[in-house]
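> Sequence first, predicted model second:
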Amino acid sequence: MSSQNFSSLDLASDFLDNLKSLGYHTMTPIQSQALPLALAGQDLLAKGKTGSGKTAAFGICLARKLRPSVSRPQSIVLCPTRELADQIATELRRLARRMPNIKVLTLTGGIPIGPQLRSLAHGAHIVVGTPGRIADHLRKRSLDLRNVNTLVLDEADRMLDMGFIESVECIVQQLPTKRQTLLFSATFPDNILELSQKILSNPVRIEAESNNAAPKIKQVFYQCKATEDFYSMLPIISKHAISRAIIFCQTKVQCEDLAKSLKKKGLSAEAIHGDFEQRQRDEILTMFSQESLSFLIATDVAARGIDVSQLPAVINFELSRDPKVHIHRIGRTGRADAEGLAISIVRPRETGRWQAVQEEMKQQLPLQTVPAIASSSTLPKPPMACIRIASGKKQKMRPGDILGALIQGAGVPKDAIGKIKIFPFQSYVAIQRPLVQKAFKGLRSAQIKGRRHGMIILS
C-alpha cells in the first residue's frame, strides 16, 4: 500500500481533527502498511528504522482502542531505554489529548520505584516502560495486566541485544493470551524471529524503509594509525564544519578519554555511559537536545533511545564489530529530508569491520587520509547555552513560568529562547549564546512563581 492520507483510515472525525492539528496529514510507508492492519486487530511483525514514524503507527491504534472509564492498564509498550519511553509517552498523550482523563504512565529503571508505586495506585490507561522495571513491578504485584488488550514491543532487536529477553518473556507470560501484539524492530535477526513465533498470533510481516534513510547520508571513511586516533578528530571536525554530532565509541573508558581530549582542545563535549546517575544522564541529554552541547560521546548501549531531530552528523570513533549496528548508528542523521553526514575512523585492526560494512551496504566506501588542520581553523561553539534552575515539577514549575520570566522580567526576545525541559526537581532552558548572561542576570533578579530560585549556567 502506498502512502496516503490519515483520513482514509477508519477513525472518528474528532480523532482525525486531532491528528490534523498535530501535523499528521500523509502517512509514511510504515504507517500506511501497518495502521489499517493494526486497526483491524491484526498482529504485526514490522521492520522499520528510527525516524520512520513507528510511534504513530502503533500509537494511533492504542489511542483508538482506549476506554477512558477503565482506569487500569489496557495497553503496554516495551522499549529499551528511559529516554525512548519518555518520547513515546509524550507522543501517546498528544494522540489521546482530546479524550477525557487519559493517563499514560512511564515505568523505567534508573529512578526510585516509590513514586511509580504511588502513580500505579491511582490507575493508568497505557503503560510505557523498560522490560526490567516492568518485570520488577510484576514481582511486587504493583502492576495488574489482566485488562491489557494490546502489547507493543518497540526497537525489539535492541531490547534483546541489551539482555532483556528474560524480562520480556516474564511480562508476556502474565498477559492475557487473547490480545493484539505489535512488534517493531529495525532488523530481523534470528532471536527476533524466534521471539515473534512465541508471542505473535498469525502475524502479518511488514518491511517498510524510512523515507529518510541511508541514501541521504554521505559516508566518509578516514584511515589512521592507532596512535593518531585522538589527534584525527580536530582536523576531521574542522574540515567538515561539524557543529553537532553523536560520537560512538566501543567502551566507557574510550568515551571518557575522548571527551577529556576534546574539552582540552576547547570543544563542547560530554561522555555518557551506563555508570552515570540518571540525573547526570538527563542533564547531558537535555543540553545536547537543546543545542547547548556540541558533541555527545556514547557507547551503543548508552545511546539507545536517544532520538535527536535534525542531527547533522554521526562520527564513529571506532567501527562497530557488527555492520548492522553501523547502519543503525548512521541512521540517526539524514532524517526529515535533511542531508546527513557519517564519519568513520578506521584503524589498521578495523580493516575487516570496514570491509564488512561495505558488504552489508553493498557500497564501495573508499578510505581517505586524515586531512591537515589549517592554522586559521575555528572550532565550532554550540549556538545555545543552557541555564539550570533549581526547581521543577515538584515545585509546580511549568515552561510558561520560565518563558514569562525571561520575556517580561529579563527582557529576552522570544526568538532567542530555545527548548525548555522540566524535571521533578530542576528545569533547563536554552538561550542563544550571546544573550545568556543577560538572561541569567534577569532570571536571578526576577521572581518565578512568586519567588527567586537558584540557578547556574551549564554551558
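Here it is on my side, so go on. Numbering: from 1, shown residues only.
> where does residue 206 fall, phi/psi-wise?
Main-chain torsions, residue 206, degrees, to the nearest 10: phi -120, psi 130.
> Please compute how far the lowest-mean-pLDDT helix or strand in the chain lies from its chain's middle.
Ranked by mean pLDDT, DSSP states H and E, the weakest helix or strand in the chain is helix 300-303, scoring a mean of 77. Its chain's C-alpha centre and that of helix 300-303 lie 11 Å apart, by C-alpha atoms, centre = their mean, to the nearest Å.
> what's the distance between the helix or strand just after that helix and the middle of its chain?
Using DSSP states H and E, the helix or strand that follows helix 300-303 towards the C-terminus is strand 313-316. Offset of strand 313-316 from its chain centre (C-alpha atoms, centre = their mean): 16 Å.
> elements contacting strand 313-316?
strand 245-248, helix 323-330, strand 340-346 (3 or more C-beta pairs under 8 Å, 6 or more residues apart in numbering; DSSP states H and E). Yep, even glycine has a C-beta here, placed from its N, CA and C like the rest.
> Next SSE downstream of the first one?
Secondary structure here is assigned by DSSP H and E; on that basis, the next helix or strand after strand 245-248 toward the C-terminus is helix 252-264.
> tell me which residues of that next one are tucked away?
252, 254-255, 258-259, 261-262 (16 or more other C-beta atoms under 10 Å).
> How about stretch 122-137?
124-137.
> swap in stretch 436-444?
436, 438-440, 442-443.
> Could you check how far that stretch is from the centre of its chain?
30 Å.
> model confidence over it, on average?
Averaging pLDDT along stretch 436-444 gives 92.
> One more: stretch 7-22?
On average, stretch 7-22 scores 89.
> quick one on the thing from earlier: which of the helices and strands packed on strand 313-316 comes out lowest on mean pLDDT?
Minimum mean pLDDT among the helices and strands packed on strand 313-316: helix 323-330, a mean of 86.
> give me the low-pLDDT residue ranges for the stretch 351-459 of the chain?
374-377 (pLDDT under 70).
> Kindly recompute the last result at 80.
Within the stretch 351-459 of the chain, the stretches with pLDDT under 80 are 373-380, 459.
> So which residues of it form helices?
According to DSSP state H, counting those that start in this stretch, the stretch 351-459 of the chain carries its helices in the segments 351-361, 399-404, 436-445.
> Run through the neighbouring helices and strands of the last one.
Helix 436-445 sits against strand 384-389, strand 455-457, with contacts defined as 3+ C-beta pairs under 8 Å, 6+ apart.
> Between strand 384-389 and that helix, find me the angle.
10 degrees (axes from the mean of the first three to the mean of the last three C-alpha atoms, to 10 degrees).
> Only the C-alpha atoms, please, for helix 436-445, written as CSV.
The C-alpha trace of helix 436-445 is given here as CSV (Å, rounded to 0.1, in the frame of the first residue of the first chain):
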residue,chain,number,x,y,z
VAL,A,436,22.8,34.0,28.0
GLN,A,437,24.4,36.4,30.5
LYS,A,438,21.5,38.9,30.1
ALA,A,439,19.0,36.0,30.6
PHE,A,440,20.9,34.7,33.6
LYS,A,441,21.1,38.1,35.4
GLY,A,442,17.4,38.8,34.6
LEU,A,443,16.2,35.5,35.9
ARG,A,444,18.3,35.8,39.1
SER,A,445,16.7,39.1,40.0
